[in-house]
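# below is the structure, and that's it, no one-letter string:
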């Protein structure tokens, strides 16, 4: 709940509250196991809190802090395709804000591999894919990403 509230506060521009709730959530998550036990209603672990922290910093306009918060996160920290893809999209938004097209493309390709719809069907993410193709068509990963994100869902599976 603290993570969701922190992200909501960040999107509303309430920096102090967002950061305080993020820190409180990180403190509360420290003693939790790295992998949440199966069957838990809310599979929260320290990595889940760190992923929210990436989003909070991005929403506050601090791409550097977002990238720092996510630097040790890996897809295998997350049990679902949606969370694995969210890692990719959140890191991509931070890389894009920092003006790093190659890292952006690679993060979005990771997200697409985890869950194609998270890249293909989210307008904000599609916008990044389109801008990458328009502004950086020769950057490593951009053409592959553009093709992957343009493939209809019926042809992905």
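Alright, I've got the coordinates. Since the model is a prediction, treat every value here as computed from it, not as a measurement.
# pLDDT wise, what is the nearest residue to residue 46 once chain neighbours are set aside at?
With sequence-adjacent residues excluded and distances taken as C-beta to C-beta, 6 or more residues apart in numbering, residue 46 is closest to residue 29, at 4.6 Å. To be clear about C-beta, it is placed using only N, CA and C from the backbone, and glycine gets the same treatment. pLDDT for residue 29: 93.
# again, but for the one 5 residues further on
At residue 34, the model reports a pLDDT of 83.
# that one: neighbour count?
Residue 34: 8 surrounding residues under other C-beta atoms under 10 Å.
# the strands in the chain, which residues?
Secondary structure of the chain (DSSP state E): no strands present.
# from the chain's centroid, how far away is the top helix by length along it?
In terms of residue count, the longest helix belonging to the chain (DSSP state H) is helix 81-97. Put simply, helix 81-97 sits 2 Å off its chain's centre (C-alpha atoms, centre = their mean, to the nearest Å).
# now that helix: mean pLDDT?
Here the average pLDDT along helix 81-97 is 97.
# for this structure, give me the ranges with low pLDDT.
153-157 (pLDDT under 70).
# neighbours around the residue lying closest to residue 122 once chain neighbours are set aside, how many?
Excluding its sequence neighbours, the residue lying closest to residue 122 (C-beta to C-beta, 6+ apart) is residue 89, at 7.2 Å. Using other C-beta under 10 Å, residue 89 has 24 neighbouring residues.
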